[in-house]
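J.: Next input, structure requested:
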Amino acid sequence: QQSGRKYNLFLKRRLRIDKRHQSKDSIFFRDGVRRIDFVLSYVDDLNKEWEKKLERRKEFESNLQKAGLELETEDKKESEDGKIFFVKIHAPWEVLITYAEVLNIKVPIKENDIPPMVENPLDCVLFPLRLPEKVMHPEPDYFTAPFSKDKQELYLINDESTFFSPSMRNRIVNYILTRCPYGTEEGKKKFGIKRLLNNGTYTAAYPLHDCQYWKKASDPNCDSERYTLYMEWARFLRFYKEQPLVLIRKYYGEKIGIYFAWLGFYTEMLFLAAVVGLICFLYGLFTMDENMSSKEICDPAIGGEIIMCPLCDRDCEYWRLNTTCQSSQYSHLFDNVATLFFAIFMGIWVTLFLEFWKRRQARLKYEWDLVDFEEEQQQLQLRPEYEAKCTQKRRNPVTQEMEPYLPFTSQAVRFCISGATVLFWVSLIIASMIAVIVYRLAVYAAFASLMENTQTLQPISSLLTPQLATSVTASCLNFVIIMILNFFYERIAIWITDMEIPRTHMEYENRLTMKMFLFQFVNYYSSCFYVAFFKGKFVGYPGAYTYMFNRWRNEECDPAGCLIELTTQLTIVMAGKQIWGNIQEAIVPWICNWWGRRKARNNPENLYSRWEQDHDLQTFGALGLFYEYLEMVIQFGFITLFVASFPLAPLLALMNNILEIRVDSWKLTTQYRRPVAAKAHSIGVWQEILNGMAILSVVTNAFIVAFTSDMIPRLVYYYAYSENEDSPMSGYINNSLSVFQTSDFPERNEPKENPENFVICRYRDYRYPPDHEKKYLHTMQFWHILAAKLAFIIIMEHVVFIVKFFVAWMIPDVPADVKAKIKREKYLTQKILHEYELEKLRERLCQGDKRATEKEFIATEGRMELSRAM
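T.: This is a model prediction of the structure:
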């Protein structure tokens with residue numbers, strides 16, 4: 001019986017192989033002529049809604065054919081698993097030209113006659129980074145004009161089958177699919193493929209890749225652009241090569257193209273920041289031995305004789321300052337004069353990045369025919385969900401047509417619920433951060449006791465101090481909490497945005513972007529803000545410490561400053577996020593696809609068709625690019641908001657982005673279905689978010705240098721309080737530590753043991769000693785330092801902002817040559833159109849058309865002259 005089943009299966013496969021003579025990579029109908037522009041799939045499940053789904057499909061496909069599309073169905077017997085039907089869709093020439101005019105698609109009218117830019121003298125140096133010319137510029141550059149059915153003679157139509165690129169074709173078909181009706185239910189007219197996908201009528205809708213990514217298509221009519229993209233762009237070994245942006249745009253559309261253009265430009269600009277940051281780090285490394293503060297801390301005669309007050313109540317003991325020797329040396333790596341220079345440099349670098357990106361974006365807008373493109377035209381269409389959920393209608397003042405709307409009271413209630421939900425989750429982040437702070441306060445004493453009493457930890461006690469152990473474990477715990485909260489909030493944010501029922505796609509994306517960014521901003525940066533601006537600032541002093549919830553004593557900074565802890569926090573969160581992000585983006589889709597294709601790997605190649613191969617890939621959803629932008633913008637915050645504490649942050653970001661470009665390109669080319677091409681002339685609302693973060697970064701870095709690093713106290717000591725002319729910084733450590741009399745400890749703070757009977761201990765502050773009449777009050781030096789810090793913040797902010805605005809004013813948003821090309825193209829387009837109209841008018845006059853008057857002819861000629869003058 002088993003052998004009989006195998007024989008039947010063999011016959012079934014043999015029959016299918018004989019029936020289909022096409023290559024498995026075929027992207028054409030069975031006739032081998034008509035190109036497959038889109039594929040729909042469905043499963044014919046016999047459940048209670050089977051008849052309703054069947055009726056919807058019949059109506060929908062009938063209406064698609066009425067709209068001019070041609071369909072071809074593959075029976076489920078032809079599919080790999082014997083369950084899935086595939087409906088292949090082809091858009092004939094008449095449909096393409098009709099909707100090209102509706103969508104205002106620009107097509108070639110004349111080859112570009114403007115001479116190319118003067119060659120860059122560095123081209124010979126950059127030659128190894130270049131890709132072949134046929135990859136970078138697969139087509140000549142043309143002047144273009146919006147397509148019009150009535151003026152087809154104007155356009156360079158050499159072959160109707162290739163005039164519209166595959167991405168244009170799938171965009172046109174998708175436009176029809178999203179608007180095609182499929183019947184009336186509950187008195188409402190239903191339409192659109194998205195609803196049919198949501199209710200299970202169809203299981204998938206996608207355009208086809210043109211070939212397998214690892215080899216070219218056997219069909220000579222196929223361009224095999226996917227293969228070219230994989231070989232020249234998506235492999236990691238090509239990480240040093242430029243990106244084929246023209247080919248990316250041609251294959252995936254402008255929206256994805258502009259993302260990779262921005263990511264590539266951001267990575268290029270990071271190279272400069274990474275080099276300067278590395279130089280600043282090396283400066284700190286080479287001057288480590290010359291740092292007087294760490295010398296004094298490490299000196300047994302100075303640091304070894306300074307007894308510090310206990311860092312926790314009762315359980316902690318007095319300790320000697322030189323036990324923090326190595327941490328003070330490491331702190332100098334990031335807390336030095338170069339830190340100030342780098343903070344100012346990054347404030348200017350951010351401006352250069354944003355301004356030069358505007359110029360790059362303007363050039364892309366021209367080259368990709370997006371100059372007159374209005375994104376609103378594409379995005380203002382009502383969302384199907386909005387139409388489905390809004391039962392009331394009113395007249396649109398512009399179109400004078402009745403359309404659904406959401407009453408104000410319903411909007412207000414939904415916004416209140418949405419706002420309360422976002423506020424709750426932000427409060428949850430703050431609560432989790434407080435929990436981590438409590439963890440820091442609670443475990444510090446445990447680490448201190450463990451390291452003092454455990455002999456095995458003695459060899460590394462100088463490197464792994466209780467402060468560092470607490471900081472590292474707390475940072476790791478904080479990272480885990482961040483990722484958990486992030487996982488849940490992503491789903492909550494989508495749910496509450498859906499609940500608000502945004503009217504258009506643009507509104508939906510903007511609302512979701514702001515919710516997600518606000519949450520991610522608080523989630524990822526709150527711990528860094530705590531370490532940078534709160535830790536060690538509200539400690540009090542021995543005998544009068546401040547407590548959280550009247551139980552846990554607030555944390556103190558290391559005697560060398562809190563900057564090294566901020567560096568630790570930033571490194572763990574930033575590096576952890578980047579590693580986890582790449583694992584999610586690359587490994588998870590690969591595993592899903594491997595599992596989904598495990599059965600098909602055993603089938604003959606002829607049985608596993610192009611549409612089935614793509615069906616088994618992952619879906620690149622409408623929010624696919626949203627998550628990519630969000631990831632990069634959060635990284636941008638790390639390298640700008642806190643860069644004064646970690647000059648190597650741009651270098652880490654650069655290495656991640658080199659990998660990110662290849663990971664994103666690899667997964668898009670090999671692991672995902674081909675996305676529907678979409679237009680976009682900019683990076684959208686993300687540009688405004690980047691501008692806001694650029695301004696905020698100047699403020700945060702000024703505060704980090706002033707309040708988190710030790711630079712200002714050192715400068716005040718150097719210029720106002722130093723008494724040694726030969727070595728102005730000697731004595732700084734002793735000057736920065738105040739004196740406390742141990743007998744003044746209240747019982748709550750006094751350590752349990754004092755075997756050496758210390759009479760005094762030191763603590764980090766500027767207060768009068770116990771024998772002074774202003775006992776334990778702030779000294780005048782404290783107020784001098786505070787005034788210097790505030791003055792530094794004001795001066796640095798004003799200097800950087802003035803330079804930023806001057807640079808922004810000096811750099812025009814649109815390059816001069818692009819302006820000239822835009823004007824040239826507009827002039828030529830008008831000239832060609834007017835000459836065409838004039839020629840048509842001449843023909844009508846010659847044919848004796850009474851409606852073509854001589855005055856009309858003169859007016860048309862006059863319009864041409866006026867156009868030339870303009």
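J.: Which helix or strand contains the closest residue to Arg767 other than its chain neighbours?
T.: Spatial nearest neighbour of Arg767, excluding adjacent residues (Cβ to Cβ, 6 or more residues apart in numbering): Ser738 at 4.3 Å. Placement of C-beta: from N, CA and C, glycine included. Ser738 is located in strand 737-741, with elements delineated by DSSP states H and E.
J.: Show the secondary-structure elements that the very next helix or strand once past that strand is packed against.
T.: Where DSSP H and E defines the elements, the next helix or strand beyond strand 737-741 is strand 760-764. Judged by 3 or more Cβ pairs under 8 Å, 6 or more residues apart in numbering; DSSP states H and E, the packing partners of strand 760-764 are strand 307-308, strand 737-741.
J.: if we go to 10 Å?
T.: Counting by 3 or more Cβ pairs under 10 Å, 6 or more residues apart in numbering; DSSP states H and E, the packing neighbours recorded for strand 760-764 are strand 307-308, strand 540-541, helix 732-736, strand 737-741.
J.: related to what we said a few turns ago, let's see the pLDDT reported for the residue nearest to Arg767.
T.: For Ser738, the model assigns a pLDDT of 93.
J.: Could you double-check that it lies in contact with Val539?
T.: No - if you go by Cβ atoms under 10 Å, Ser738 and Val539 don't touch, sitting 11.9 Å apart.
J.: So which of those two has more stuff around it?
T.: Of the pair Ser738 and Val539, Ser738 is the one with more neighbours under other Cβ atoms under 10 Å, namely 22 against 18.
J.: helices or strands next to the longest helix anywhere in the chain in the packing?
T.: As assigned by DSSP state H, the longest helix anywhere in the chain is helix 408-453. With contacts defined as 3+ Cβ pairs under 10 Å, 6+ apart, helix 408-453 has these neighbours: helix 466-500, helix 505-533, strand 547-548, strand 552-553.
J.: List the buried residues of the second one.
T.: When you say that, I think you mean helix 505-533. 505-513, 515-517, 519-533 (16 or more other Cβ atoms under 10 Å).
J.: What of the first one?
T.: Neighbour counts using 16+ other Cβ under 10 Å place 466-472, 474-475, 477-479, 481-482, 485-486, 489-490, 492-493, 496-497, 500 of helix 466-500 among the buried residues.
J.: Kindly report the same for stretch 64-71.
T.: 64, 67, 69.
J.: could I get those as TSV with distance to Lys151 and pLDDT?
T.: Below are these laid out as TSV (distance: Cβ to Cβ, whole Å; pLDDT from 0 to 100):
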residue	distance to Lys151	pLDDT
Leu64	28	93
Ala67	23	91
Leu69	24	94
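J.: hang on, the earlier thing: reformat the helices and strands packed on strand 760-764 as TSV; add distance to Phe86.
T.: TSV is the format used below for those (distance: least, Cβ to Cβ, whole Å):
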stretch	distance to Phe86
strand 307-308	75
strand 540-541	72
helix 732-736	75
strand 737-741	77
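J.: Report how many residues lie close to Thr619.
T.: When neighbours are counted by other Cβ under 10 Å, Thr619 comes out with 12.
J.: so it touches Ala204, yeah?
T.: Yes - assessed by Cβ under 10 Å, Thr619 is found in contact with Ala204 at 7.4 Å.
J.: Could you name every residue contacting both of these two?
T.: Arg673 (Cβ atoms under 10 Å, 6 or more residues apart in numbering).
J.: Now for the chain, the helix or strand with the poorest mean pLDDT.
T.: helix 2-19 (a mean of 44; mean pLDDT, DSSP states H and E).
J.: helices or strands up against the helix or strand following that helix?
T.: Heading C-terminal from helix 2-19, the first helix or strand you meet, by DSSP H and E, is strand 38-43. Helices and strands touching strand 38-43, by 3+ Cβ pairs under 10 Å, 6+ apart, are helix 50-66, strand 70-74, strand 84-90, helix 166-177, helix 193-198, strand 204-206, helix 610-615.
J.: what sits in contact with each of Ser738 and Val539?
T.: Any residue near both Ser738 and Val539 by Cβ under 10 Å, 6+ apart counts here, and that gives 763-765.
J.: of those residues, closest to Arg673?
T.: Arg673 lies nearest to Arg764 out of those, by Cβ to Cβ, at 59.0 Å.
J.: what's the burial count for the closest one?
T.: So Arg764, with other Cβ under 10 Å, has 19 neighbours.
J.: Tell me the pLDDT of it.
T.: 89.
J.: For the residue nearest to the spatial centre of the chain, which non-adjacent residue is closest in space?
T.: Within the chain, the residue whose C-alpha comes closest to the C-alpha centroid is Tyr629; the distance, by Cα atoms, centre = their mean, is 2.0 Å. Nearest residue to Tyr629, sequence neighbours excluded (Cβ to Cβ, 6+ apart): Trp686, at 5.1 Å.
J.: Over to that neighbour. Which of the three states is it?
T.: helix (DSSP: H, G, I helix; E, B strand; the rest coil).
J.: what does the one 10 residues further on give?
T.: Reducing the assignment at Leu696 to three states with three-state DSSP gives helix.
J.: chain center to stretch 662-676: distance?
T.: Centroid separation for stretch 662-676 versus its chain: 16 Å, with Cα atoms, centre = their mean, to the nearest Å.
J.: Any idea how far apart the tips of that stretch sit?
T.: With Cα to Cα, to the nearest Å as the measure, stretch 662-676 spans 21 Å from end to end.
J.: Quick check: mean pLDDT of it?
T.: 92.
J.: Relative to Asn554, how far out is Glu317?
T.: Separation of Glu317 from Asn554 (Cβ to Cβ, to the nearest Å) stands at 20 Å.
J.: Leu790 reaches His784, doesn't it?
T.: No - judged on Cβ under 10 Å, Leu790 makes no contact with His784 at a distance of 11.1 Å.
J.: list residues touching both of the two?
T.: Ile712.
J.: Can you pick out the residue with more neighbours from those two?
T.: Set Leu790 next to His784 and count neighbours by other Cβ under 10 Å: His784 wins out with 17 against 13.
J.: Can you report phi and psi for that one?
T.: phi -60, psi -40 (degrees, to the nearest 10).
J.: Kindly report the same for Arg395.
T.: phi -80, psi 130.
J.: which non-adjacent residue is nearest it?
T.: Nearest to Arg395 is Met402, by Cβ to Cβ, 6+ apart, at 5.8 Å.
J.: which ones are touching the one you found?
T.: 393-396.
J.: from memory Glu507 sits against Gln411, does it?
T.: No - in this structure, Glu507 is not within contact of Gln411 by Cβ under 10 Å, at 11.8 Å.
J.: Can you list the low-confidence ranges for the stretch 401-550 of the chain?
T.: For the stretch 401-550 of the chain, the stretches with pLDDT under 70 are 401, 445, 448-465.
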